[in-house]
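Participant: based on what follows, work out the 3D shape:
(chains A and B)
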Amino acid sequence: MSEPSGATVLASESPLQRERAITIFEKGVPGRSAFVCPEMDVPRVDPLELLPPRLRRERPARLPQVSEPEIVRHYVRLSKRNFDLDSGFYPLGSCTMKHNPRLHERVAALPGHSRLHPLQEPADSQGALRLMWSLQEALGEISGLPHVCLQPSAGSHGELAGVLLTRAYHEDRDQQRRKVLTPDTSHGTNPATVTMAGLEVVKLATDEHGGIDIDDLRAKADETVACLMLTNPNTLGIFDRNIAQIAEIVHGAGAILYYDGANLNAIMGFSRPGDMGFDIVHFNLHKSFTQPHGGGGPGSGPIAVSDRIEPYLPVPVIAATGAGDDLVFRFEEDRPKSIGRLRGFHGNYGCFVRAYAYIRSLGADGLKDASEAAVINANYLLARLRQLGVAEHLPLAYGQLCMHEFVLSGAPMKRELQIKTLDLAKRLLDHGYHPPTVYFPLLVDEALMVEPTETETRETLDEFAQAIADILAEAAEDPRIAQTAPHTTPVRRLDEVAAAKRPVIRQQL
Amino acid sequence: MSRYTAITQADREQMLAAIGVGSAQELFEAQIPPGVRLSRALDLPDGMGEQEVYEHLKALAARNVSAEEQLSFLGAGMYDHYVPAIVDMLCERSEFLTPYTPYQPEVSQGGLQAMFEYQTAISELTGLPVSNASVYEGPSAVASAGYMAKLHNGRSRFVVSAGLHPHSLQTLRTYAHGYGAEIVEVPLRDGVTDPEAWEQAIDERTGAAFFAQPNFYGAVEDAQRLASLARGASEDASVGAAASGNGAEPARVGGHPVVIAQVDPITLGILRSPGECGVDVAVGEGQPLGGRLDFGGPSFGFFAAREEYLRRMPGRIAGETLDADGRRGFVLTLQTREQHIRRERATSNICTAQALNALAGMVYLSWLGREGIVQLGELLLARTHYARQRLCEIDGVSPMHEQPAVRELAVRLPCDVAAARRRCIERGVNPGVDVQALSGREEDEGLLLVAITERRGAADIDRLAEALHAAVAECRRAASDQGVRA
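Facilitator: Residues are numbered from 1 along each chain as shown, chains lettered A, B, ... in the order given. Modelled structure (predicted):
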């Protein structure tokens, strides 16, 4: 990176590059403020009598001292230093970056939803409870697992719920099963969750088709195994054809089968985890059911389970009495076998409103079409890359077809063109794209994981494929351009090693 | 073709031809084996147009009674504070709303810098040097802090004040069952953690000691004393253990227990900060800082600590660095803690957190500003005092405790709380939370928890007092009538 490099292909510094990063703490002056405090309308009492000095703060919190116009300008300027889904193609594998309908933002902001207190009387929150209950019903139908709890805050939180549920299930049968099987293609959250839940990770190998190595599974599935955590289609974008056999082996060993729902967008209306033999599934509402991702959350990770897991569901659950439009809903806390509570209140309701609006907008046909289009788009992009000769340098890691995403290996590209997957990704930024996921899954050398989603046009896919082909052609001429990319972004490659070695994680004031 | 998908029938035919399959069905059947295909349509209602969905969601909203329509004193973890317009305006910007986690820092400087600023603000508020970029929300932040303590010193006994929010305590229990820790509860005395019981409960086996500031009942704890007792107790104990240990290494594995406080951020303009009090880890619910109620979420949890815990913290952390041309920039840093790098040895499983809500919190704190957070704190303190006076003038109503209270307080009613609340609600005033219904504790019978925000002025508090006065009188009359009949 220290070489002078792609400077030759560069125009001079762009306006965004010239703009130096100044934090809001470095702006403003003493005495400046946006806040006008409401009137002190109660009788004045000596504040020190109400709160003695011993309990009072000595050193003030040095928050910014800025006016409202400065705040607005500061954050609007910051926003322009972000790439976002509304601005361009974002084929980040495993993240399902599909369009976020603005209708969802509008309905979630209705005061009846957004200013509703979580401890409001059940009688005065029947709309919210009905919405949650209807969402539960829909998620149960989509997954083929009837009992749903919406509480977990994100996918990884749903996983924690799931692993705790398997523990509770086995403990209820006086079984001390400590091992959780996870394929080497699994999301990092799976093994991290297992450890947090006090169990032990055992890795499973991948076979030559990109699925679970059945022999390895047979060898490891014994009476010490609590569950197998599986994503299907997996992170290679491959639907495990042996799923029925896998379920049989896992259940035969008395273990639980857990479905990581990160890739549910591939199969809605085509196949259901419950019908595949899974006992527990988590959903990522912020993926399959399109929540704006907010630059790292909020998310929402409901779970659905089979009958035998139901007694252990987290509290509270929603109970309904009556029928049809006369259904009356309430929260139920008294569940003796429950694993307990996972967070405050009932979950990320604002996300439920959006997911519910999405499901009602699309209906059964629309959800199925979303999955169909997602799989067509992924396979078409793969076919275009082949047509353009990209596959020669970036071959598909496993199989011939894919589900909603696919994983290429940049190993030949690195060898023959002297650019790594990271260089390709960085050069894509100059072309106005967010790059795909890189270096995951770990078992693929120089992995590039592409998930276009169903909301992209064919033209976008064609242009993106062409951009990759152009970058490879450019690298054949002069690899330094990609090696030193990006050239046009507000900042260029950042020194992550220095950042981690001597962490500066707050503004010094 | 359905809503939001863009490929037409003509596109599809050509695309499928390029893929080399005859139909979409063939594409799926080539991959999904027959035994696990869904052979029927999903049993869901038909899709609807945008307008119909809007009307439907609006109708559901109309079946809720929000803080827009009712004078409400509900709190207990989430509060109806005023959210300034710029929070909505900035958070609705596509550039903040629609990106993923900033995996490509060159095109994510806006979000990363906002995280860095947020970390600075949380660090200032808590008086602790390091903060992460957010966790899910309050109670699970408490449970995550417990996990960090366990990783830090390996000890599996947690001492927990009964003043912790019931949801925090319950969530901690759920997590602790997983990662293996037992919980010892310390009772309250006069509304705050009993210092003697606290000191006695903490010994050299204690891995972490938890309390809330202000506590669930609205009382301001003597945080400094609790922290120093927690630190001192075990240090004394370990000295004793070393003395009897035949000259071997002192038995102070990892030193004193990790002192963890769940703090309400809106009170930190006036309350002594956790850092000043000797707390090691401060966590809490960020919703009061510019967050909507949203029936309980999404909001954000914050997580700040002393420097020595930095490499065991959960979640994303933004750090400052330079780019190849020497420009100041920001990246996600210390990622070797995280699940996507460290897998089963990660310090947490968290991936997606609450970046957008944390941004809202940062915008709110900029808006409130250095003086504003103090002014607001004093206003809440004065109004809460006023509410305490007005409510305790009511015949039969008494304060649960005499401790200072910043913006929430528990009072004891001389009658059934549920019945009194019902009668208040009939008068258009939701008087607050039925404590026992939330905590399940026998000793909480009769307690009503009343939250005061800056949106509740003196006149509103007067209205609450009138409604409660009438409700209590009616309940007592009804009870005595019943007594007469019996």
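
Participant: what's the burial count for residue 89?
Facilitator: Here I'm looking at chain A. Counted with other C-beta atoms under 10 Å in any protein chain shown, the neighbours of residue A:89 add up to 22. C-beta: built from backbone N, CA, C; applies to glycine.

Participant: that's the other chain; I wanted chain B
Facilitator: 13.

Participant: tell me which element the nearest residue to it once chain neighbours are set aside falls in.
Facilitator: Distances taken as C-beta to C-beta, 6 or more residues apart in numbering or on different chains place residue A:72 nearest to residue B:89, at 7.4 Å, with adjacent residues excluded. In the assignment (DSSP states H and E), residue A:72 maps to helix A:68-79.

Participant: next secondary structure after that helix?
Facilitator: Using DSSP H and E, the helix or strand that follows helix A:68-79 towards the C-terminus is helix A:102-108.

Participant: quick check: next helix or strand after that next one?
Facilitator: Once the chain leaves helix A:102-108, the next helix or strand it forms, by DSSP H and E, is helix A:111-114.

Participant: past that following helix, which element shows up next along the chain?
Facilitator: Next element after helix A:111-114 (DSSP H and E): helix A:126-143.

Participant: what mean pLDDT does the very next helix or strand once past that following helix get?
Facilitator: The helix or strand immediately downstream of helix A:126-143 is strand A:147-149, counting by DSSP H and E. For strand A:147-149, mean pLDDT is 97.

Participant: for residue 321, which non-adjacent residue is closest in space?
Facilitator: Let's take chain A. Ranked by C-beta to C-beta, 6+ apart and with sequence neighbours excluded, the top spatial neighbour of residue A:321 is residue A:328, at 5.3 Å.

Participant: the chain in question should be chain B.
Facilitator: Excluding the flanking residues, the one nearest residue B:321 by C-beta to C-beta, 6+ apart is residue A:499, at 3.9 Å.

Participant: the one you found belongs to a helix?
Facilitator: Yes. Applying DSSP: H, G, I helix; E, B strand; the rest coil, one finds residue A:499 inside a helix.

Participant: and the helices in the stretch 151-300 of chain B?
Facilitator: Using DSSP state H, counting those that start in this stretch, the helices found in the stretch 151-300 of chain B span residues B:166-179, B:195-201, B:223-243, B:274-277.

Participant: lowest average confidence across these, which one?
Facilitator: Among these, helix B:223-243 has the lowest mean pLDDT, at a mean of 69.

Participant: kindly provide the distance from the residue nearest to residue A:321 to residue A:127.
Facilitator: Distance, residue A:328 to residue A:127, by C-beta to C-beta, to the nearest Å: 12 Å.

Participant: more crowded one of these two?
Facilitator: Neighbours were tallied for residue A:328 and for residue A:127 using other C-beta under 10 Å; the higher tally belongs to residue A:127 (24 against 13).

Participant: in contact with residue A:62: list those residues for me.
Facilitator: Shown in contact with residue A:62 (C-beta atoms under 8 Å, 6 or more residues apart in numbering or on different chains): A:25, A:509, B:124, B:370.

Participant: and the first one, what pLDDT?
Facilitator: Listed pLDDT for residue A:25 reads 98.

Participant: surely it touches residue A:64?
Facilitator: Yes. Under the criterion of C-beta atoms under 8 Å, residue A:25 is in contact with residue A:64, at a separation of 5.7 Å.

Participant: out of the two, which sits in the more crowded spot?
Facilitator: residue A:64 (28 against 21).

Participant: contacting residues around residue 372?
Facilitator: Assuming you mean chain A. Residue A:372 neighbours (C-beta under 8 Å, 6+ apart): A:270, A:454, B:24, B:28.

Participant: wait, I meant chain B there
Facilitator: Residue B:372 makes contacts with A:33-35, A:37, A:63, B:269, as judged by C-beta under 8 Å, 6+ apart.

Participant: what strand or helix carries it?
Facilitator: helix B:355-392.

Participant: and the angle from that helix to helix A:68-79?
Facilitator: Counting by axes from the mean of the first three to the mean of the last three C-alpha atoms, to 10 degrees, helix B:355-392 lies at 150 degrees to helix A:68-79.

Participant: quick check, the residue in the stretch 101-250 of chain A closest to chain B?
Facilitator: residue A:112 (2.7 Å; C-beta to the nearest C-beta).

Participant: residues near that residue, how many?
Facilitator: Using other C-beta under 10 Å, residue A:112 has 23 neighbouring residues.

Participant: distance check, it against residue B:69.
Facilitator: Residue A:112 is 8 Å from residue B:69, where distance means C-beta to C-beta.

Participant: coming back round to it: phi, psi for the residue nearest to residue A:321 please.
Facilitator: The phi/psi pair for residue A:328 (degrees, to the nearest 10) reads phi -120, psi 130.

Participant: over to the one 5 residues further on?
Facilitator: Listed backbone geometry of residue A:333 is phi -110, psi -20, with angles given as degrees, to the nearest 10.

Participant: the host helix or strand of residue A:369 vs helix B:355-392, what angle?
Facilitator: According to DSSP H and E, residue A:369 maps onto helix A:349-387. Angle, helix A:349-387 to helix B:355-392, by the same axes, to 10 degrees: 180 degrees.

Participant: just how off-centre is helix A:349-387 within its chain?
Facilitator: Relative to its parent chain, helix A:349-387 has a centroid offset of 15 Å by C-alpha atoms, centre = their mean, to the nearest Å.

Participant: check stretch B:292-308 too.
Facilitator: For stretch B:292-308, the separation from the chain centroid amounts to 5 Å (computed by C-alpha atoms, centre = their mean).

Participant: just the CA trace of it, in PDB.
Facilitator: Coordinates of each C-alpha in stretch B:292-308 appear next as PDB, following Å, rounded to 0.1, in the frame of the first residue of the first chain:
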ATOM      1  CA  ARG B 292     -39.300   5.800  20.500                       C
ATOM      2  CA  LEU B 293     -41.400   3.500  22.800                       C
ATOM      3  CA  ASP B 294     -42.200   1.200  19.900                       C
ATOM      4  CA  PHE B 295     -44.000  -1.200  22.300                       C
ATOM      5  CA  GLY B 296     -40.600  -2.200  23.800                       C
ATOM      6  CA  GLY B 297     -38.100  -2.200  20.900                       C
ATOM      7  CA  PRO B 298     -36.000  -1.700  18.900                       C
ATOM      8  CA  SER B 299     -33.900   0.500  21.200                       C
ATOM      9  CA  PHE B 300     -30.200   0.100  22.000                       C
ATOM     10  CA  GLY B 301     -28.200  -1.100  24.900                       C
ATOM     11  CA  PHE B 302     -25.000   0.600  25.900                       C
ATOM     12  CA  PHE B 303     -21.900  -1.000  27.300                       C
ATOM     13  CA  ALA B 304     -18.900   0.900  28.800                       C
ATOM     14  CA  ALA B 305     -16.100  -0.400  31.000                       C
ATOM     15  CA  ARG B 306     -12.600   0.200  32.400                       C
ATOM     16  CA  GLU B 307      -9.700  -0.200  30.000                       C
ATOM     17  CA  GLU B 308      -8.800  -3.700  31.300                       C
END
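
Participant: so it, near chain A or not?
Facilitator: Yes. Interface with chain A: stretch B:292-308 contributes B:292-298, B:300 (C-beta under 8 Å from any C-beta of the partner chain).
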